[in-house]
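Peer 1: coords please:
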Amino acid sequence: LEKNKRLEMELLQAHKLESLGTLASGVAHEINTPAQFIGDNLRFLTDSFDPLHGLLTRLKAGEALDIHSEMEDMDWEFLKDEVPAALQEAISGIETIGKIVRSIKEFSHPDDDDLQTYDMAKLLETAATVSRPQWRHCAKLSVRSETSDTFVECYPGDISQVVINLIVNAADAIADHRTKAGVTDEFGQIDLVLRREDQSLAVDVIDTGGGIPEDIQRSIFDMFFTTKPPGQGTGQGLAISKSIVEAKHGGKLEVHSTDGVGTRFTIVFPANQIRTEHQGEKVEDLVCSSAAILIAVRANLALGNSFFAAQPRVPFARNDRFAGCGF
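Peer 2: Here you go, the predicted model:
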């Protein structure tokens, strides 16, 4: 019995590593995109700071200056709008990267031996983030909760694995359906829905991927059964998912599909695993720090505006010296 349990755990971990490997290249692209515009914005901010710093230094030294001319030279009217925008974009990029990294960490971190009380709404958001490279080119994805009872006693890493596997399968089904239908300009739809089902808590993963033929619906949970071409599927995902939900959590994994329309997989948690009390989550220090920086910069810009507002307005034409800076 101990040997079988160890083999099952090794199989679960191997499948999780396989899923991470599949998602890795897409995640790298997801991180690279915000990193690029963060770099562009920081270079713009560096270039923008130099003339402002020079002007303030000369004013502090008591140098007689033509303020209007200096304002025109540095494009102050342009900078006072674009600098906060650049900071906000950089903060948004940092938050995006942080969200992706936290999601990958939550998905890949080994589970504790004990059950944990976990927010399923947060788990669905994490699963959607981690799997985004797999669905973003063929589908739109929504996450919604239809109940306030979102906390469940479970093994979060295992349930994340199940949800991500169902999302990736849904994306594959939509991509295949679009190819067969010859449709490339319309996106499919994936919906993750958290809801109550009688006294239980249910998670629906719904797709518009054309459905599963009725004659094979009974086989999809069999180990090594797959409809994908050789090399593209191992036939283990749904079998492992069913084992996680039913054998390990005492729940149910059900499928309802209409051939030619779409499929709904439902994870059902028993009533005795639903929890209503939870602790508040901490706000990430990075986000707080970033927001503080933005507030401070805006305050300084407001101070600068107050100084220049006292001077007569001089019209000027916006030049293109900052072209290519990502704005």
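Peer 1: Shouldn't R218 be within a strand?
Peer 2: No - counting by DSSP: H, G, I helix; E, B strand; the rest coil, R218 is not part of a strand but coil.
Peer 1: Next up, phi/psi of it, please.
Peer 2: For R218, the backbone dihedrals (degrees, to the nearest 10) come out as phi -70, psi -20.
Peer 1: any idea how far A86 is from it?
Peer 2: As for R218, its distance to A86 is 57 Å (criterion: C-beta to C-beta, to the nearest Å). Heads up, the C-betas are built off the backbone N, CA and C, glycines and all.
Peer 1: what's the answer for S48, then?
Peer 2: According to C-beta to C-beta, S48 stands 8 Å off from A86.
Peer 1: With D185 instead?
Peer 2: Using C-beta to C-beta, we find D185 at a distance of 34 Å from A86.
Peer 1: When these two are compared, which one has more neighbours?
Peer 2: With neighbours defined as other C-beta atoms under 10 Å, D185 and A86 compare such that A86 has more, 24 against 5.
Peer 1: Going by secondary structure, the more buried one is in what exactly?
Peer 2: Secondary structure from DSSP states H and E places A86 in helix 76-108.
Peer 1: Sketch out the strands for this structure, chain order is fine.
Peer 2: Ranges of strands in the chain, per DSSP state E, are 116-119, 139-145, 151-154, 188-197, 200-207, 252-258, 262-269, 274-275.
Peer 1: residues of the second one that come out buried?
Peer 2: By neighbour count, and taking 16 or more other C-beta atoms under 10 Å as the criterion, the buried residues in strand 139-145 are 139, 141, 145.
Peer 1: what sits against the closest residue to the second one other than its chain neighbours?
Peer 2: Nearest in space to L141, with sequence neighbours left out and distances taken as C-beta to C-beta, 6 or more residues apart in numbering, is I190 at 4.5 Å. The neighbourhood of I190, defined by C-beta atoms under 8 Å, 6 or more residues apart in numbering, consists of 135, 139-142, 167, 170-171, 174, 205-208.
Peer 1: next one: T184
Peer 2: Residues in contact with T184 (C-beta under 8 Å, 6+ apart) are R178.
Peer 1: Next one: it relative to Q88, how far apart?
Peer 2: In this view, T184 and Q88 are 34 Å apart by C-beta to C-beta.
Peer 1: and what of A181?
Peer 2: In this view, A181 and Q88 are 41 Å apart by C-beta to C-beta.
Peer 1: For the stretch 51-200 of the chain, which residues score under the pLDDT cut-off?
Peer 2: For the stretch 51-200 of the chain, applying pLDDT under 70 flags the ranges 103-113.
Peer 1: Stretch 64-78: which residues count as buried?
Peer 2: In stretch 64-78, counting by 16+ other C-beta under 10 Å, buried: 67, 70-72, 74-78.
Peer 1: same deal with stretch 237-252?
Peer 2: Neighbour counts over stretch 237-252 (16+ other C-beta under 10 Å) mark 237-245, 249, 251-252 as buried.
Peer 1: what does stretch 46-65 give?
Peer 2: Buried residues in stretch 46-65, counted by 16+ other C-beta under 10 Å: 48, 52, 55.
Peer 1: now those residues as CSV including distance to Q273?
Peer 2: Shown next, in CSV, are those (distance: C-beta to C-beta, whole Å):
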residue, distance to Q273
S48, 54
L52, 58
L55, 64
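Peer 1: Please report phi then psi for T226.
Peer 2: Torsion angles, degrees, to the nearest 10, at T226: phi -150, psi 150.
Peer 1: and it, how many neighbours does it have?
Peer 2: Using other C-beta under 10 Å, T226 has 16 neighbouring residues.
Peer 1: what about it, distance to L253?
Peer 2: Applying C-beta to C-beta, the value for T226 to L253 is 17 Å.
Peer 1: Over to K140?
Peer 2: The gap separating K140 from L253 is 24 Å, by C-beta to C-beta.
Peer 1: what do you get for I220?
Peer 2: Separation of I220 from L253 (C-beta to C-beta): 11 Å.
Peer 1: Find residues that contact each of these two.
Peer 2: Common contacts of I220 and L253 (C-beta under 8 Å, 6+ apart): none found.
Peer 1: quick one: the helices in the chain?
Peer 2: All helices of the chain, identified by DSSP state H, fall at 2-60, 67-74, 76-108, 120-130, 132-135, 156-181, 237-242, 285-309.
Peer 1: sorry, back to before: can you check what angle separates the helix holding A86 from helix 120-130?
Peer 2: With axes from the mean of the first three to the mean of the last three C-alpha atoms, to 10 degrees defining the directions, helix 76-108 sits at 110 degrees from helix 120-130.
Peer 1: Just list the residues touching I159, thanks.
Peer 2: By C-beta under 8 Å, 6+ apart, the contact list for I159 reads 118, 120, 123, 244-245, 249, 267.
Peer 1: and if you look at T263?
Peer 2: 170, 173, 206-207, 209, 211-212, 255-257.
Peer 1: 10 Å instead?
Peer 2: By C-beta atoms under 10 Å, 6 or more residues apart in numbering, the residues touching T263 are 166, 169-170, 173, 205-212, 217, 220, 255-257.
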